[in-house]
Each structure stands twice: as structure tokens, then as C-alpha cells.
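Just a sequence and a predicted model for now, questions to come.
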Amino acid sequence: MCSVLQPEPGQLNKFSLSGKVAIVTGAARGIGKSIALAFAEAGADIVIDDRKLEDMEEVVSEISKLGRQVLPVAANLRHLEEIDRLVKETMDRFGRIDVLANNVGTNAVFGSVFDVDEKAWDITLGVNLKGYFFLSQAVGKVMKEKGAGAIVNISSCGGIKPDIGSGVYCISKAGVIMLTQVLAQEWGQYNIRVNAIAPGRTKTRFSQVIWSDPATLSEYEEDIALGRWAEPQEMAGAALFLASDAASYITGQTLSVDGGMYASVKAQLEKIQK
């Protein structure tokens, strides 16, 4: 007779964030909103960041309904003084930071890399990489003093395999993967874990220009083994896992949450036949 292995008592409690404080950037909508709500459902009090306070009102309401404390902070994380203010307001309100989810992102230019100007480069790298680095640095100092912490960086499948037309974005997201590995290696001695998620095609406002067109959507789905784009909330489980004690011995890793992107047998066969 086959026996089913049962989890040890209390194992599922390791996914809890009860008593912890988490910062989630770019949390007004999409993946960031889903992560913030998942962290709140797991018991954390949440600090959410986005560019405008009014954009975060809905998320604030939803987190409050879950019975968790929530602090919205409007900050442009391309600027170090805004990063310092975000961390200061968090510490003034809660006195601790246990989890950071670096999620805010932008793609300031589409098209050939021949056409990229300095402004587009600076905006994309400033938001997607510089902001991640300096916010992690500021939060990491708090976590070092406490002797523990978890950072989850949102990279992209584009940081692993480039997309034509999104060259600078892909470069920035590849940088996030290396940032994750560097911080994990240096900060492991302080019990700070740093991991990343590489989302595949996800239905956010960020990518709406692609998935809102049926013909374009169908073309992009051919490279996905599951045959569909992800919903933003499908990234939240991975983020919660990496932020929680369930991932206590995982650091420096990038988890692809991409529905088997580039693994579609049909798409590969068609490419071979061509």
C-alpha cells in the first residue's frame, strides 16, 4: 500500500509572515499589488510605495480589510533622498523591516537599441536597477542590525533571454539577477536572504499594449508551454515563499515563474521546421 507523506507539524506555519513588516514597491497595481495583498494575508503589516498616493487608495483599503496595518508612501525611487524618506517613514511607523519586495519597474523605450538615447537609458536603469540597489542597501542596513531579513527582487524572463525591442529593459533585468547574487553572497553572513523572481508574460497594465490585441496575444502564447499569459496574482505565491521561513535555506536564486516559456513543444517544432 502506498503511503502519503504528511508535512511535519507546523511546517505550513513557515509560510506565515505574522508579526513582520514588509515594504512592497510599485504596489498600486499589477504584480506589486498582488504581492502586497499576499503578504498581508500571511500576517504582515505592509508599507506600499508608488508614485502617487491616490493610486494606492484601493490597495490601502484592501489591506486594511484584511486586518493589517498599512502605510502608503509616495516616492520616486530613482532618487536617493526619496529612498531614505521611505525607509525613515517605515521605521518611524513600525520600528522594523523584515521583508523587502523590489517590484517597481519601467520600460522607457521600445524598439532597436540603435534608437536608445541617454534619457531612456537613465530612466530605465534608474528605476529597474539603481533604485533596487540603493533601496536594498538602505533596508539591508536595518536588517543587518536586526540579524535577519528577506529581499525579493522582481526581475523578468527578459533578464534571462532577451526580447527584441526591449533591449535596455532586458539589460536592466539581467542586472537585477546579478544584484541578487551579489547581495546574497555578501549578506548571507548577516542572515539576510536575497532572491529574485523572473516573471514570464503577465497581464499587467505595463504589457497591456501586447495582450489586449488578440492576434499579438496568440502569437506570444505560442512560446509558453501552458499556452496562456499569467495573471498578476500568480506571482504572489512565489514571492511569499521566498519571503517566508519556508525558504530559510534559499538565497541568491532566481525563480522563473513563466508558465514554461520557450518550452512549448509546438513552438519549438514549428521553428525547427522553418
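Noted; the coordinates are in hand.

contacts and neighbour counts: CA atoms only from here.
Will do.

show me where the stretch 101-250 of the chain has helices.
118-125, 131-146, 167-187, 208-211, 214-221, 236-243 (DSSP state H, counting those that start in this stretch).

Any regions of this protein where pLDDT drops low?
1-10, 203, 205-220, 262-274 (pLDDT under 70).

run the last query once more with 90
For the chain, the stretches flagged by pLDDT under 90 are 1-13, 106-111, 161-166, 200-230, 258-274.

Tell me which helix or strand the closest residue to residue 36 other than its chain neighbours sits in.
The shortest distance from residue 36 to any non-neighbouring residue, by CA to CA, 6 or more residues apart in numbering, is to residue 24 (6.1 Å). Per DSSP states H and E, residue 24 falls inside strand 21-25.

Direction included, what does that strand pair against?
strand 45-50 (parallel), strand 99-102 (parallel) (DSSP bridges).

mind putting these in TSV, distance to residue 148 and mean neighbour count included?
Formatted as TSV, the strands paired with strand 21-25 follow (distance: least, CA to CA, whole Å; neighbours: other CA atoms under 10 Å):
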stretch	distance to residue 148	mean neighbour count
strand 45-50	17	26
strand 99-102	9	28
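
now the ones you listed as CSV including distance to residue 190?
Output for the strands paired with strand 21-25, formatted as CSV (distance: least, CA to CA, whole Å):
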stretch, distance to residue 190
strand 45-50, 23
strand 99-102, 14
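
so how far is the longest strand seen in the chain off the chain centroid?
Counting by DSSP state E, the longest strand found in the chain is strand 192-199. How far strand 192-199 lies from its chain's middle: 8 Å, per CA atoms, centre = their mean, to the nearest Å.

which residues sit against that strand?
140, 143-144, 147-157, 159, 176-177, 180-181, 183-184, 187, 235, 238-239, 242, 248, 250-258 (CA atoms under 8 Å, 6 or more residues apart in numbering).

Same list (the helices of the stretch 101-250 of the chain) but as TSV, adding distance to residue 31 and mean neighbour count.
Shown next, in TSV, are the helices of the stretch 101-250 of the chain (distance: least, CA to CA, whole Å; neighbours: other CA under 10 Å):
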stretch	distance to residue 31	mean neighbour count
helix 118-125	18	16
helix 131-146	16	19
helix 167-187	15	21
helix 208-211	13	15
helix 214-221	19	14
helix 236-243	7	22
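
nearest to residue 63, of the ones you listed?
helix 236-243 (14.6 Å; CA to CA).

ok, back up a step: for the residue nearest to residue 36, grab the count of nearby residues.
26 (other CA atoms under 10 Å).

Quick check: it vs residue 119, distance?
Separation of residue 24 from residue 119 (CA to CA, to the nearest Å) stands at 26 Å.

next one: residue 98
34 Å.

same question, residue 188
35 Å.

The very next helix or strand once past the strand holding residue 24 vs helix 236-243, what angle?
Counting by DSSP H and E, the next helix or strand C-terminal to strand 21-25 is helix 30-41. Helix 30-41 runs at 60 degrees relative to helix 236-243, counting by axes from the mean of the first three to the mean of the last three CA atoms, to 10 degrees.

Which residues outside helix 30-41 are in contact with it?
By CA under 8 Å, 6+ apart, the list of residues contacting helix 30-41 reads 17, 22, 24-27, 45-46, 48, 59, 62-63, 66, 68, 103-104, 203-205, 232-233, 235-237, 239-240.

Output stretch 157-173 as CSV, restricted to C-alpha atoms.
Provided in CSV are the C-alpha atoms of stretch 157-173 (Å, rounded to 0.1, in the frame of the first residue of the first chain):
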residue,chain,number,x,y,z
CYS,A,157,12.2,36.4,-18.2
GLY,A,158,13.7,39.2,-20.3
GLY,A,159,16.7,39.3,-17.9
ILE,A,160,17.4,35.6,-18.9
LYS,A,161,16.5,35.6,-22.6
PRO,A,162,16.4,38.9,-24.4
ASP,A,163,13.3,40.2,-26.2
ILE,A,164,13.8,42.1,-29.4
GLY,A,165,12.6,45.7,-29.0
SER,A,166,13.1,45.8,-25.2
GLY,A,167,16.9,45.7,-25.1
VAL,A,168,17.5,48.2,-22.3
TYR,A,169,14.8,46.7,-20.2
CYS,A,170,16.3,43.3,-20.6
ILE,A,171,19.8,44.6,-19.7
SER,A,172,18.3,46.2,-16.5
LYS,A,173,16.5,43.0,-15.5
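
Right, I'll leave it there.
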